[in-house]
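Participant: test case, fold it:
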Amino acid sequence: MSGTAADWLRERVPVDTQRTAELAGKALREPIPRHMKYWYYALGATPLILFLFQVATGVLLTFYYVPAPERAYESVRVITEEVRMGYWVRGLHHWGSSLMVIAIFLHMVRVFFTRGYRRPRELNWILGLALLFLTFALSFTGYSLVYNQLSYWAATVGTNMIREVPLVGTAVLHLLRGGDAVTANTLTRFFQFHVMVLPLLLFLAIAAHIVLVRLHGVSELEGHEGEGAYPFYPEHFYHTVVIALFLLTFMSAMTVIIPPGLGEPANPLVTPQHIKPEWYFFAIYSFLKLVPLKLGIYLLMAACLVAVFWPFIDEILTRRWPRARIGWWVGSATIVLFLFFTVYEMLVA
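Facilitator: So this is what the prediction gives:
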């Protein structure tokens, strides 16, 4: 850039380039604990990468999707069968939602078993749970937008459960549905939640999570403190780039091998014989079939409260029984139950 052009731009955008370069260099040289060299400890960036993929593909899908009951299913069919590369974009979005749930879940598991939630990182653990719940909500609303038989009735059954939440259940149900039943108003509201409200909340939660990570630094493994660190750039940065390329390749392959289907158009007058949610809700769905609905909702709410306040509960338990591995047993039992109910629901008719 010539001197005149550079001066013109500097006058209108008065940024201290030297200070900016110093800050960028400091960010790139941020020390990373040495255990992060192992790939299975580098899951933190994966949800962010998948979120960016979801935003990009979601924007492209909104160019053709019509959030109206009489046109929603047909618009999805047009995207899948007629729009050039539409099946690929829809496939990336479909598989990206599943991978994002898996990535956040695995990251939470890693943080739990390495006790990365210990003081002063309790708030980041709570933000991680918020990211998981918001991702579930995004997946649920997105699945409903296809407006085929299974998605319509899964949305009906799923929102019916909200009615059992004490105090606020009925009010939240009416807010989501726009009435007592799943109607055209429900589809419009789900679309607005899916493309506006929930992505904004998820973006804010991710931003807050990253800020806290930057302020506290990446937590070191318990028992491996003081083993040294290495700069974020270039090695960890290239880890992230490789992960992004792998995810794009994997989602593209899954789109070709197992493309998302269309099913039958939604019919409010005909209830399918078998109604099932997406796989990441199988465990909850299976559990609620085995116990009275109200009791099941109360137990799930209690489990969520325990998860939110686990860093503080674990601190109390550690002080009382320092040698006991209560957290390990709680985490292992939770994973085993989750996998059992998920696999069981996959196998039953």
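
Participant: how about the helices in the stretch 51-200 of the chain?
Facilitator: Taking DSSP state H, counting those that start in this stretch as the criterion, the stretch 51-200 of the chain carries its helices at 72-81, 86-113, 122-144, 149-162, 169-177, 184-192, 198-216.

Participant: show me what secondary structure element comes after the last one.
Facilitator: Moving toward the C-terminus from helix 198-216, the first helix or strand encountered (DSSP states H and E) is strand 229-231.

Participant: could you list the alpha-carbon positions for the very next helix or strand once past that next one in PDB?
Facilitator: Later in the chain than strand 229-231, the nearest helix or strand by DSSP H and E is helix 237-257. Taking C-alpha atoms only, helix 237-257 is exported to PDB below (Å, rounded to 0.1, in the frame of the first residue of the first chain):
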ATOM      1  CA  PHE A 237      -3.000 -23.800  16.100                       C
ATOM      2  CA  TYR A 238      -2.200 -26.500  13.500                       C
ATOM      3  CA  HIS A 239      -4.000 -29.100  15.700                       C
ATOM      4  CA  THR A 240      -7.100 -26.900  15.400                       C
ATOM      5  CA  VAL A 241      -6.700 -26.600  11.600                       C
ATOM      6  CA  VAL A 242      -6.300 -30.300  11.200                       C
ATOM      7  CA  ILE A 243      -9.400 -31.000  13.400                       C
ATOM      8  CA  ALA A 244     -11.400 -28.600  11.300                       C
ATOM      9  CA  LEU A 245     -10.400 -30.300   8.000                       C
ATOM     10  CA  PHE A 246     -11.000 -33.700   9.500                       C
ATOM     11  CA  LEU A 247     -14.500 -32.700  10.600                       C
ATOM     12  CA  LEU A 248     -15.400 -31.200   7.200                       C
ATOM     13  CA  THR A 249     -14.200 -34.400   5.500                       C
ATOM     14  CA  PHE A 250     -16.000 -36.700   7.900                       C
ATOM     15  CA  MET A 251     -19.300 -34.800   7.700                       C
ATOM     16  CA  SER A 252     -19.000 -34.800   3.900                       C
ATOM     17  CA  ALA A 253     -18.400 -38.600   3.900                       C
ATOM     18  CA  MET A 254     -21.400 -39.200   6.200                       C
ATOM     19  CA  THR A 255     -23.600 -37.100   4.000                       C
ATOM     20  CA  VAL A 256     -22.700 -39.300   1.000                       C
ATOM     21  CA  ILE A 257     -22.900 -42.600   2.900                       C
END
